[in-house]
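K.L.:
With the sequence up front, the predicted model follows.
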Amino acid sequence: MYSITEENYIKCIFSLSGQEAKKVSTNAIAKRLGTSAASVTDMIQRLSAKSIVNYQKYYGVSLTTEGNQLALQLIRRHRLWETFLVDKLGFQWDEVHDMAEELEHVASEELVKRLDDFLGNPRFDPHGDPIPDQKGNIAFHKDVRLGEMEAGETGIVVGVIDHTPAFLQYLEKTGLVIQSKIAIIHLESYDNSTVLSVNNGKNIIISEKVAANLLVRKLG
């Protein structure tokens, strides 16, 4: 068994390492978790002793095979609970992250399996993030950030990178929610803003920051 703090570190390292599973610096972990580098080093040494991470001073941290599987199970539980809270209890997608952060630490495999079956074995959570299956297989997004698209291209919003309530509420207000169809009308060179239409409706203007935090599956 692992403590909640240990599990939070494991999930943090997985997130920072990305799809390439690159090594992560202790400073990056400290910044993400809002703690000191010394505290991170202490925890990393503890996880290393449990064979959850590979750690070599000055060379960064990576998850072992066991650590990677544990991270995927934490992510699976988190995203299933987010799906349950939105689809079955009627919460908004900007309200569920903190609740799912608590629920993900309930480690009953039977509970998670029944939850998955009850939800119809969803592949994606309300934010468009892929849900790992029972064996830890995960289909990472192969889509592009909206900010990488060119004028004239079209696509469907399939995910968000920034999960903060403020950003999700902004997307609700502008209509840029999951499964929205978008068309790039114009790219403004002055401030790197983007003019686009949403669901073939009126044009809106979004900032470079917004465009960088939306994942789109191109059409055509």
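P.N.:
Sure, I can see it.
K.L.:
ok, residues contacting stretch 83-97?
P.N.:
81-82, 99-100, 115, 118-119, 122, 125-127, 131, 163, 165, 168-169, 172 (Cβ atoms under 8 Å, 6 or more residues apart in numbering). Bear in mind the C-beta positions are built from the backbone N, C-alpha and C, glycine included.
K.L.:
mind listing which of those residues are in helices?
P.N.:
When helices are assigned by DSSP state H, the members of the contacts of stretch 83-97 inside them are 81-82, 99-100, 115, 118, 165, 168-169, 172.
K.L.:
what about burial for these, which qualify?
P.N.:
The neighbour-count test (16 or more other Cβ atoms under 10 Å) marks 81-82, 99-100, 115, 168 as buried among the ones in helices among the contacts of stretch 83-97.
K.L.:
Pull the most distant pair out of those.
P.N.:
Within these, Leu115 and Leu168 form the most distant pair, 22.7 Å apart (Cβ to Cβ).
K.L.:
Which parts of this structure are helices?
P.N.:
Counting by DSSP H, the segments of the chain that form helices are 4-17, 26-33, 37-49, 65-87, 97-103, 109-118, 165-174, 208-212.
K.L.:
Per-residue confidence, the closest residue to Phe167 other than its chain neighbours, what does it come out as?
P.N.:
If you skip the residues right next to it in sequence, Phe167 has Asn213 as its closest partner in space, 6.5 Å away by Cβ to Cβ, 6 or more residues apart in numbering. Asn213 is assigned 96 on the pLDDT scale.
K.L.:
How about the one 4 residues further on?
P.N.:
Among the per-residue scores, Arg217 shows a pLDDT of 93.
K.L.:
Give the bridge partners for it, please.
P.N.:
Ile156 (DSSP bridges).
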